[in-house]
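Student: 3D, please:
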Amino acid sequence: MISWDVISYYAYLPATFIYKDYTLKFIDGYKGPHKFTIWSENVPNGNKIIITSMGMSILYAPFFFLGHIYALHSSYDAGGYSLPYRFALMMSSVFYLLIGLIFLSKLLLKYFNQYISSIVILFTVLGSNLFYYVTYCSPYSHTYSFALIIMFIWYTIKWYEEYKIKYVVFLGLLFGIISLVRPTNILIGIFFILWDIKSFTDIKARIRTFYKYKIHLFVIVLLSFLVWLPQLLYWKTLTGQWLYYSYGEANKFFFNHPMIIKGIFGYRHGWLLYSPVMLLSVLGFFVLWKEERQFAVSSVLFFLVFIYVIFSWWCWWYGGAFGLRAMIDIYGITAISMAAFIRYVSRSAMILKSVFWILTLVLFWAGIHNTDKYRHFSFHWDANTKESFWDHYLMVRPTPTQAAKYRDPDYMLARKGIDAYAKPSDAK
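Tutor: Numbering: from 1, shown residues only. The predicted model follows:
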């Protein structure tokens, strides 16, 4: 539960509330009773900081405190990393998934019937890589972002319908925590700005609306700032800067060379290759203009900008991943386009519908099968190739010949914006 990225996401909580030292000075020469795993990065002034922002720690916090209380009153170690804490983090992922699904069902049922809504939820949760990140990699940020962004979409729609201040409060807090969890997800603001824009003439009306409700917009910005304030104070205290890029020069975006094709179709965890049922969502973007025009401009433009940005990251396959995990964050958007496409096809002739459902069920099965293969280590976490992917594809467990077909990506070249394989790998 507490490994890789989660080590940094989670570190704020034990450092602050158990070891009483958010500066991480206690790491050196620690002789206390607890065992912990905290990674730190050194800044030029000699201080240590946590590389990721604290958004996930905020979301973990209620469950962390429950785990801590239990550990204190049991035989488990109360240092933040024993079984009660790990179980608490796992349950937090399930909790946020359920919140996300409640709002996703509200969103879908607002525009589609219960059958289409149920199918879309089933495909999104079980047929995509979301299922893996709710179960085997529970505390990773993607399930949480999935829920937060769906809530943001819902309250955006409600605000434009009623212009009530209660929706403004939700939007401000959600926008703040969404961007604090994963700063690139600040792009969801595109959806808010462009929701229900259907033509160029609507833009003037939208500007007038924003001017009329400028106090509402100010409250959204203010609340978002307040969510970010602890992070800004943390950076200012330890680095001397209000805004600090903690990832360093070695980790950057290459906006002049995005790996969009490889990110979507590539064998190194390309999105549609490992979650093929999501192809319905991509096709659905072409249907939105006809079926649900209020979503067309806001959803399509957000989707295009989002994939451009995330696939411009130097490690566009996102390290130890399954099926481009960064895409999970926007499954609230893709659920709408998937529903629109399914409804569109459902009005076709019986033969066409029959072919569609046969192919769709194959794609759905393939997504579940891919998850099972990854669970049994039949897919490598970053060294997959075309040859290793199709090596006895229908078998769940790895074959003796598969490992020889893996090829490690060259991380040194990737940090320079060059995608290439290193020497053949015998990784397992």
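Student: quick one: low-confidence ranges for the chain?
Tutor: Applying pLDDT under 70 to the chain flags residues 423-428.
Student: could you look up the next helix or strand downstream of the longest helix that it contains?
Tutor: As assigned by DSSP state H, the longest helix anywhere in the chain is helix 83-111. Following helix 83-111 in sequence order, the next helix or strand is helix 114-126 (DSSP states H and E).
Student: show me what counts as buried in that next one.
Tutor: 116, 117, 119, 120, 121, 123, 124, 125 (16 or more other C-beta atoms under 10 Å). Bear in mind the C-beta positions are built from the backbone N, C-alpha and C, glycine included.
Student: which residues touch the fourth one?
Tutor: Under the criterion of C-beta atoms under 8 Å, 6 or more residues apart in numbering, the contact list for residue 120 reads 108, 112, 335, 338, 339, 342.
Student: make it 10 Å
Tutor: 104-105, 108, 112, 280-281, 284, 331, 334-343 (C-beta atoms under 10 Å, 6 or more residues apart in numbering).
Student: so of the residues you listed, which ones are in helices?
Tutor: Here DSSP H is the test, and those give 104-105, 108, 280-281, 284, 331, 334-343 as lying in helices.
Student: for whichever helix or strand residue 66 is part of, what is the distance to the chain centroid?
Tutor: Using DSSP H and E, the element containing residue 66 is helix 55-72. Taking C-alpha atoms, centre = their mean, to the nearest Å, one finds the center of helix 55-72 at 21 Å from the center of the full chain.
Student: and that helix, what does it pack against?
Tutor: For helix 55-72, the packing partners by 3 or more C-beta pairs under 10 Å, 6 or more residues apart in numbering; DSSP states H and E come out as helix 5-17, helix 83-111, helix 142-162, helix 165-181, helix 214-239.
Student: make CSV from the buried residues of helix 114-126 and add distance to residue 86 to it.
Tutor: CSV is the format used below for those (distance: C-beta to C-beta, whole Å):
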residue, distance to residue 86
116, 37
117, 34
119, 34
120, 32
121, 28
123, 30
124, 26
125, 23
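Student: of those residues, which is the nearest to residue 393?
Tutor: Nearest to residue 393 out of the buried residues of helix 114-126 is residue 123 (C-beta to C-beta; 20.9 Å).
Student: for the closest one, give me its contacts.
Tutor: Counting by C-beta under 10 Å, 6+ apart, residue 123 has contacts 275, 277-278, 280-281, 334-335, 338-339, 342, 360, 363-364, 367.
Student: among the helices and strands packed on helix 55-72, which is nearest residue 259?
Tutor: Nearest to residue 259, of all those, is helix 142-162, at 19.0 Å by C-beta to C-beta.
Student: and that closest one with helix 5-17, angle?
Tutor: Here the directions of helix 142-162 and helix 5-17 differ by 80 degrees (axes from the mean of the first three to the mean of the last three C-alpha atoms, to 10 degrees).
Student: report the buried residues of helix 142-162.
Tutor: 142-160.
Student: helices and strands around it, which ones?
Tutor: Helix 142-162 packs on helix 55-72, helix 83-111, helix 130-135, helix 165-181, helix 189-194, helix 293-310, helix 331-346, going by 3+ C-beta pairs under 10 Å, 6+ apart.
Student: make CSV out of those and add distance to residue 254.
Tutor: Shown next, in CSV, are those (distance: least, C-beta to C-beta, whole Å):
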stretch, distance to residue 254
helix 55-72, 25
helix 83-111, 31
helix 130-135, 26
helix 165-181, 22
helix 189-194, 21
helix 293-310, 11
helix 331-346, 25
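Student: return the most buried member of those helices.
Tutor: Ranked by mean neighbour count under mean count of other C-beta atoms under 10 Å, the helices and strands packed on helix 142-162 are led by helix 331-346, which reaches a mean of 24.
Student: outline the domain layout of this structure.
Tutor: Listed by automatic domain parsing, the domain ranges of the chain are 5-87, 114-241+272-375.
Student: can you redo the ones you listed as JSON lines with distance to residue 406?
Tutor: Output for the domains of the chain, formatted as JSON lines (distance: least, C-beta to C-beta, whole Å):
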{"stretch": "domain 5-87", "distance to residue 406": "22"}
{"stretch": "domain 114-241+272-375", "distance to residue 406": "14"}
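Student: which residue packs closest to residue 66, ignoring adjacent ones?
Tutor: residue 88 (5.6 Å; C-beta to C-beta, 6 or more residues apart in numbering).
Student: make that residue 246, sorry
Tutor: Residue 246's closest residue in space is residue 51 (C-beta to C-beta, 6+ apart), at 4.8 Å.
Student: and that neighbour, helix, strand or coil?
Tutor: Assigned with DSSP: H, G, I helix; E, B strand; the rest coil, residue 51 falls in the coil class.
Student: which residues does it contact?
Tutor: 5, 7, 8, 9, 11, 39, 40, 41, 246, 247, 248, 251.
Student: how near is it to residue 296?
Tutor: Computed as C-beta to C-beta, to the nearest Å, the residue 51 to residue 296 distance reads 38 Å.
Student: so residue 247 touches residue 49, yeah?
Tutor: No: checked against C-beta atoms under 10 Å, the pair residue 247 and residue 49 is beyond contact range at 11.1 Å.
Student: quick one: which of the two has more around it?
Tutor: A count of neighbours by other C-beta atoms under 10 Å puts residue 49 above the other of residue 247 and residue 49, at 20 against 12.
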